[in-house]
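**Q** return a 3D structure for these sequence lines:
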Amino acid sequence: MSENEQVNQNPEKDPEDWVTGDEPMTGPQKSYLSTLAQEAGEEVPDDLNKAQASEMIDKLQGETGRG
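**A** Below you'll find the model as predicted:
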């Protein structure tokens with residue numbers, strides 16, 4: 001198996017298991033969440049951490065069909 005194939009087969013970690021999941025959400029997460037929330041008619045709490053933001057992105061992608 002080539003190195004590229006090994007990298008692409010990396011399983012996704014559950015956000016709950018992220019080592020840095022309790023850090024504040026990143027700028028790109030906040031921006032994308034704002035876009036998704038606007039489309040879904042929802043509010044985004046300002047105090048989300050990285051893991052919570054990721055989970056909300058997944059939820060809103062499902063609601064908006066962007067996922």
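
**Q** contacts only, for the residue most central in space within the chain.
**A** Nearest residue to the geometric centre of the chain (C-alpha atoms, centre = their mean): Ser54, 2.3 Å. By C-beta atoms under 8 Å, 6 or more residues apart in numbering, Ser54 lies in contact with 15, 21, 29. C-beta here means a position set from N, CA and C on the backbone, and glycine is covered the same way.

**Q** helix or strand for the closest residue to the last one other than its chain neighbours, which one?
**A** Nearest residue to Gln29, sequence neighbours excluded (C-beta to C-beta, 6 or more residues apart in numbering): Ala53, at 4.2 Å. Assignment of secondary structure by DSSP states H and E places Ala53 within helix 50-64.

**Q** list the buried ones in that helix?
**A** 50-57, 60, 64 (16 or more other C-beta atoms under 10 Å).

**Q** among those residues, which one sits closest to Glu42?
**A** Leu60 (6.9 Å; C-beta to C-beta).

**Q** just to revisit the earlier point, for the contacts of Ser54, pick the one with the most neighbours.
**A** Gln29 (19 neighbours; other C-beta atoms under 10 Å).

**Q** isn't that residue right up against Glu55?
**A** No: if you go by C-beta atoms under 8 Å, Gln29 and Glu55 don't touch, sitting 10.8 Å apart.

**Q** next helix or strand past the helix or strand of the chain with the lowest mean pLDDT?
**A** Lowest mean confidence among the helices and strands of the chain (mean pLDDT, DSSP states H and E): helix 3-8, at a mean of 52. Per DSSP H and E, the first helix or strand lying C-terminal to helix 3-8 is helix 27-40.

**Q** what is that next one packed up against?
**A** The contact analysis (3 or more C-beta pairs under 8 Å, 6 or more residues apart in numbering; DSSP states H and E) places helix 27-40 against helix 50-64.

**Q** now the helix it packs on against helix 27-40, angle please.
**A** Between helix 50-64 and helix 27-40, the angle comes out at 30 degrees (axes from the mean of the first three to the mean of the last three C-alpha atoms, to 10 degrees).
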